[in-house]
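1. what's the 3D shape of this:
(one chain, ligands or ions: 1)
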Amino acid sequence: MTAPRIIAFAGSTREASLNRKLIRIASGIATEIGADVTLLDLRDYDMPIYNGDLEAREGLPAAALTLKALFAEHQGLLIASPENNACVSALLKNTIDWMSRPIPASQGGPAGPQPFKGKFAALLAASPSFHGGMRGLVALRAMMQTLGVTTLAEQHTVGKAHEAFDADGVFKDAGQLESVAGVVRRLVEVL
Ligand SMILES: Cc1cc2nc3c(=O)[nH]c(=O)nc-3n(C[C@H](O)[C@H](O)[C@H](O)COP(=O)(O)O)c2cc1C
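-> Numbering: from 1, shown residues only. I've put the predicted structure just below:
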């Protein structure tokens with residue numbers, strides 16, 4: 001039996017990002033239980049803000065094409081999403097928006113890898129607020145549904161996340177780890 005393939009990433013490129021800490025932990029758990037995990041850093045996939053005129057002129061950014069192809073090779077998505085003004089981060093939205101666009105003929109389209117449809121996703125969030133970014137996940141869930149992703153009911157948000165990790169990025173509270181592990185286990189189960 002081949003290991004389920006999961007692509008994991010945080011919607012933040014901040015050096016001290018709480019969501020990057022969270023996704024590293026979740027990816028480690030997924031690997032431990034037998035998944036084949038590709039952990040992305042969105043710093044490596046820089047894109048301009050989506051602009052329809054730019055798209056008409058130049059097509060998709062190279063990073064969007066690379067991500068589309070990479071996503072097509074995986075069945076599962078594991079996302080740790082910051083919450084900005086009760087929504088997902090601009091970075092995450094922009095990345096998904098570019099990836100959702102069809103590849104133009106000038107770049108080898110219209111047939112191209114389908115990055116989202118038919119995939120399963122598990123959502124996580126970390127934020128300094130008490131609710132841990134739960135509202136951002138409502139928005140992310142709606143986006144995923146629109147793109148044809150089945151999003152697990154199970155999710156975990158880390159509230160007061162600025163106090164949740166030690167200097168090595170390990171959860172101080174074992175209960176947090178267990179909750180993240182439950183979500184990750186469920187994702188691996190359905191793949
Ligand atoms: C523009 C902006 C809006 C924010 N809005 C929210 C919010 O609505 N809810 C929340 O819990 N945190 C909010 N925050 C705080 C972020 O959750 C916090 O900066 C978090 O650490 C960002 O994720 P990261 O650590 O992975 O970079 C906001 C931060 C910024 C910069």
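2. skip the chain neighbours and tell me the closest residue to Ile96.
-> Excluding the flanking residues, the one nearest Ile96 by C-beta to C-beta, 6 or more residues apart in numbering is Met143, at 6.1 Å. To be clear about C-beta, it is placed using only N, CA and C from the backbone, and glycine gets the same treatment.
3. quick one: strands adjacent to the lengthiest strand in the chain?
-> Assignment by DSSP state E gives strand 150-158 as the longest strand of the chain. If you go by DSSP bridges, strand 150-158 pairs up with strand 120-126 (parallel).
4. so what secondary structure elements neighbour the next helix-or-strand element following the strand it pairs with?
-> Sequence-wise, the next helix or strand downstream of strand 120-126 (DSSP states H and E) is helix 134-146. Under the contact definition 3 or more C-beta pairs under 8 Å, 6 or more residues apart in numbering; DSSP states H and E, helix 134-146 sits against helix 90-99, strand 120-126, strand 150-158.
5. so the longest helix along the chain versus strand 120-126, what angle?
-> Using DSSP state H, we find that the single longest helix of the chain is helix 174-190. Orientation of helix 174-190 against strand 120-126 (axes from the mean of the first three to the mean of the last three C-alpha atoms, to 10 degrees) gives an angle of 170 degrees.
6. what's next to helix 174-190, contact-wise?
-> Residues from elsewhere that reach helix 174-190 (C-beta atoms under 8 Å, 6 or more residues apart in numbering): 4, 6, 22, 25-26, 29-30, 33-35, 76, 78, 120-122, 124, 150, 152, 154-156, 158, 164, 171.
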